[in-house]
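*Asks:* Here is a sequence together with a model predicted from it:
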Amino acid sequence: MRHSRGFTLLEVMVAVTLLSMMVLSTAAAIRTLGNTKSTLDGVTNRIDEVRSVSDFLRNSLNAAMPVVRVGAPEISDDLNDGYGTYFYGDQSQLLWVAPFVAGANLGGVYVMHLAHREDRLELRWHPYQRDALAIDWVSIEPRVLAGSVTAFDASYLPRLGAEWEDVWLGGHSLPLAVRLNVQAGDRYWPELIMNMGGARMNLR
């Protein structure tokens, strides 16, 4: 009668080693899958943020209204005149008037103020008033459109064929177009160029 032979110590050690390698490989694959999902979620969230902010700014600036401004808004030291189009812009901020709807209880024509503050892209808004000095922008809580903003640059096209300008001081018309370049972290957003039509000021 033949007796069955058991496993040798060497065979057991080889089997345990192979099993450990399989467990480690499986754990590494699961961890890599988790990291990949987190990375994809982060990229998707950034793309959604860029798309939603870009769409809002494009729609709002395309709808900018060349309405009257009386007095210089407090956000600028450049405007000394007391009368002009309600539009101001420099490299770090811009001010315009446009229709704005944000829920059932908020809608109408608003003065919009977009600014790069520290590492944030902030938006403030106030119901339109001809008297620019009547709006206290400091007391208005901003809405943060984007965080980790490391660079922001705005420029303004006065007319076709002209050079882009760093500052728009109003006058009696809107710029023909506004160009925005935004960098969040180490990534640049697609360049935004919004046509504003260069309409003349509405004096009514």
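*Replies:* Nice, I can see it. Keep in mind the model is a prediction, meaning the values are calculated, not measured.
*Asks:* helices or strands next to the worst-scoring helix or strand of the chain on mean pLDDT in the packing?
*Replies:* In the chain, no helix or strand scores lower on mean pLDDT, DSSP states H and E than helix 9-62, which sits at a mean of 74. With contacts defined as 3 or more Cβ pairs under 8 Å, 6 or more residues apart in numbering; DSSP states H and E, the secondary structure elements packing on helix 9-62 are strand 93-101, strand 143-146, strand 177-184, strand 192-195. For every residue, glycine as well, the C-beta is placed using N, CA and C.
*Asks:* Out of the ones you listed, flag the one nearest Asp153.
*Replies:* The closest of the helices and strands packed on helix 9-62 to Asp153 is strand 177-184. By Cβ to Cβ, the value is 4.6 Å.
*Asks:* can you list contacts of that closest one?
*Replies:* Among residues not part of strand 177-184, those counted as contacts by Cβ atoms under 8 Å, 6 or more residues apart in numbering are 46, 50, 57, 61, 89, 94, 121, 146-157, 164, 188-189, 191-196.
*Asks:* Whichever of those end up buried, select them in ChimeraX.
*Replies:* What follows is the ChimeraX syntax for the buried subset of the contacts of strand 177-184, where burial is set by 16 or more other Cβ atoms under 10 Å:
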select :46,50,57,61,89,94,121,146,149,152,154,155,156,157,189,192,194,196
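*Asks:* looking at it, Ser148 is touching Gly185, isn't it?
*Replies:* Yes. Taking Cβ atoms under 8 Å as the definition, Ser148 is a contact partner of Gly185 at 5.0 Å.
*Asks:* hang on, the earlier thing: indicate which one of the helices and strands packed on helix 9-62 is closest to Arg130.
*Replies:* Closest approach to Arg130 among these (Cβ to Cβ): strand 93-101, 10.2 Å.
*Asks:* after the closest one, next one along is what?
*Replies:* Stepping forward along the backbone from strand 93-101, the first helix or strand reached (DSSP states H and E) is strand 107-117.
*Asks:* which neighbours does that following strand have in its sheet, and in what orientation?
*Replies:* For strand 107-117, the paired strands and their directions (DSSP bridges) read strand 93-101 (antiparallel), strand 120-127 (antiparallel).
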